[in-house]
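> give me a 3D structure for the following:
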Amino acid sequence: MTFELITEGRQAFELRPTAALVAYAQLLAISSGEIERLVERELLANPALEHPEPPPPRPPGWLAGPAPCEPADEPGLLAQLARDARASLPAEDHPALDFLLGSIDDRGFLTVEPEAVAGAVGVAVQRVRVVHALVRELGPLGFASRGVRECLDAQLDHVDAAPQLVALARRLVASSLADLAAGRYGVLARRLGVDRARVVAARDLIRSRLRPYPVFDAPLRGGHEPPRVPEIVVELHPDNPGELVVELTEERRFALRVSPAYDELRGSLDGQERTRAAAQATSARAFVRRLQERWSTIRRVVEHTVAYQRAFVLTGPAALRPLTRAAVADALGIHESTVSRAVAGRSVLLPCGRVVELKDFFRASLSTQEALRELIARETHPLSDDELAAALNTGGHRVARRTVAKYRGLLAIPPSGRR
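Numbers count the residues shown, from 1 in each chain. Alright, predicted model coming up:
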């Protein structure tokens, strides 16, 4: 990212951000929901873009975390689905339910066939299909589908629009998504025997009313509120429990690449088609690069913040250390406004299963009295005033023992011999 140096006739100099820097700042500031919609639009508009192979599915209930060290704010989507489905299923169906939920990838798709589930847990295929149908009924529209087409088709069952338009949209979803994304509306109109305007109307219906993935912030059916989905997950490293690992759920869900097949196809084109394909590939690479810059910045900010607030992550709010966005910016060599954009509106799933706001990691310096109160609240054995003074000085509060005694009195805290 660069700045342009603007000179004027009066020999004044002015720094103005470039268009690229403005675009970067805007992309960094928007929410995950807005990123999802942006990715959806780009996928539909640019055939050069595609999702890479999905990562391995998470184990059942991964959003709920392990056994919590404190009560979790609310269950994760998979945990909530498991709870609701178990209430409607006999006990012998529970292994199939667990296997199915463990085979849901981060986009909400089912990655196994019913026959594989039946063989793995030793039940009849028909029982697996019953469990699968219940999971789809309880989850967001399109949840536990086996691909984009099945997901979109499931959503079309619930779209309130003219039946003829819905039927045309269903035909496009079933066989023509690639042509639709490439904008070949005339070709589609001739193939399906309808007017081009009807194809465009069906395209608009698909773009505005459907989602290619049944993502986790879609509402559950049956009256439940949508689960709170964290943008950031902090986990204990499986091989080194003392190490904290940061993961961006957005990066797993919305990762894109330029299709290798599309690059190969460009070589067989000529004239205007080749020029158009080259422009699409260039645009796709630029969009992927901007997404990666966003994720890289958020990751750097979060990793530094989590490392600094390690005790808070592992033990709770009592261990929160004073930290400002300016301090993080200074440590990373970036602007404070960049840190603010990376932090704003994001939530974090802690290893104990609790979801907190990323902004909760930041706290201005405590007053000496507040710091003293927290030290005493966390003590494992009564600390003398000398020990408290030493601990406060280590934390940046320059006080003498007699000052500690004075503040204790003001806070109505007895001396160590009576605590």
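
> what are the ranges of the strands in the stretch 301-419 of the chain?
With DSSP state E, counting those that start in this stretch, the ranges of strands along the stretch 301-419 of the chain come out as 347-349, 355-357.

> give me whichever of those strands is most buried.
Mean neighbour count (mean count of other C-beta atoms under 10 Å) peaks for strand 347-349 among the strands of the stretch 301-419 of the chain, with a mean of 22. (Each C-beta comes from the backbone N, C-alpha and C, glycine too.)

> pairing partners for that strand, with directions?
strand 232-236 (parallel), strand 355-357 (antiparallel) (DSSP bridges).

> lowest-confidence stretch among the strands of the stretch 301-419 of the chain?
Among the strands of the stretch 301-419 of the chain, strand 355-357 carries the lowest mean pLDDT, a mean of 82.

> coming back round to it: distance to V125 added to the strands of the stretch 301-419 of the chain, as TSV?
Shown next, in TSV, are the strands of the stretch 301-419 of the chain (distance: least, C-beta to C-beta, whole Å):
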stretch	distance to V125
strand 347-349	35
strand 355-357	37
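
> quick one: L188 and D195, what's the gap?
Between L188 and D195 the computed distance is 11 Å (C-beta to C-beta, to the nearest Å).

> have a look at those two and say which one is more surrounded.
L188 (24 against 11; other C-beta atoms under 10 Å).

> and the more buried one, what element?
Assigned by DSSP states H and E, L188 falls within helix 185-192.

> list the buried residues of that helix.
185, 188-189, 192 (16 or more other C-beta atoms under 10 Å).

> quick one: which of those is nearest I35?
Of all these, I35 sits closest to Y185, with 27.3 Å by C-beta to C-beta.

> list the residues that contact the nearest residue to the closest one once chain neighbours are set aside.
Take Y185 and drop its neighbours on the chain: the residue closest to it by C-beta to C-beta, 6 or more residues apart in numbering is V199, 4.7 Å away. With contact set as C-beta atoms under 8 Å, 6 or more residues apart in numbering, V199 has these partners: 168, 172, 180, 185, 188-189, 192.

> of these, the lowest pLDDT goes to which?
Lowest pLDDT among the contacts of V199: L180, 82.

> quick one: secondary structure of the closest residue to it other than its chain neighbours?
Of all residues not flanking L180 in the chain, L172 sits nearest, at 5.5 Å (C-beta to C-beta, 6+ apart). Three-state assignment for L172 (DSSP: H, G, I helix; E, B strand; the rest coil): helix.

> which ones are touching L172?
L172 is in contact with 180, 188, 192, 199, 202-203, 206, counting by C-beta under 8 Å, 6+ apart.

> farthest-separated two in those residues?
L192 and I206, at 14.2 Å, using C-beta to C-beta across the contacts of L172.

> ok so, going back, in terms of secondary structure, what does the helix holding L188 contact?
When contacts are defined as 3 or more C-beta pairs under 8 Å, 6 or more residues apart in numbering; DSSP states H and E, helix 185-192 sits against helix 163-175, helix 177-181, helix 196-209.

> let me know whether S103 touches V121 as I believe.
No. Using C-beta atoms under 8 Å, S103 is not in contact with V121; the gap is 11.4 Å.

> three-state assignment of the residue lying closest to R107 once chain neighbours are set aside?
In this structure, R107 finds its nearest non-sequential neighbour in Y213, 4.2 Å apart by C-beta to C-beta, 6+ apart. For Y213, the secondary structure call by three-state DSSP comes out as coil.

> distance of Y213 from R37?
In terms of C-beta to C-beta, Y213 sits 12 Å off from R37.

> and which of the contacts of L172 is nearest G139?
I206 (20.8 Å).

> buried residues in stretch 134-153?
Buried-residue list, stretch 134-153, by 16+ other C-beta under 10 Å: 134-136, 138-145, 148, 150-153.

> ok, now stretch 78-85?
78-82, 84-85.

> got any ranges where the protein has weak pLDDT?
For the chain, applying pLDDT under 70 flags the ranges 1-24, 53-77, 106, 215-229, 241, 318, 363-367, 396.

> got the contact list for stretch 370-390?
318-319, 366, 391-392, 395, 397, 399-401, 403-405, 407-408, 411, 413, 415-417, 419.

> among those, name the ones in helices.
Judged by DSSP state H, the contacts of stretch 370-390 include 391-392, 401, 403-405, 407-408 as members of helices.

> pull out the buried members of these.
By neighbour count, with 16+ other C-beta under 10 Å, the ones in helices among the contacts of stretch 370-390 hold 391-392, 403-404, 407-408 as buried.

> would CSV of those residues with distance to E247 be doable?
Converted to CSV, those look like this (distance: C-beta to C-beta, whole Å):
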residue, distance to E247
A391, 34
L392, 36
T403, 44
V404, 42
Y407, 42
R408, 43
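
> the residue nearest to G242 when sequence neighbours are not counted pairs with what?
Leaving aside its chain neighbours, G242 sits nearest to L236 (7.9 Å; criterion: C-beta to C-beta, 6+ apart). In this entry, L236 is beta-bridged to L244, by DSSP bridges.

> please save the CA atoms from the helix or strand where Q126 lies in CSV.
In this structure, Q126 sits in helix 125-138 according to DSSP H and E. C-alpha atoms of helix 125-138 as CSV (Å, rounded to 0.1, in the frame of the first residue of the first chain):
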residue,chain,number,x,y,z
VAL,A,125,-29.6,-47.0,5.7
GLN,A,126,-33.2,-46.0,6.1
ARG,A,127,-32.6,-44.9,9.7
VAL,A,128,-29.7,-42.7,8.5
ARG,A,129,-32.0,-41.1,5.9
VAL,A,130,-34.6,-40.4,8.7
VAL,A,131,-31.9,-38.8,10.8
HIS,A,132,-30.6,-36.8,7.9
ALA,A,133,-34.1,-35.5,7.1
LEU,A,134,-34.6,-34.4,10.6
VAL,A,135,-31.2,-32.6,10.7
ARG,A,136,-32.1,-30.8,7.5
GLU,A,137,-35.5,-29.8,8.9
LEU,A,138,-34.1,-28.4,12.1
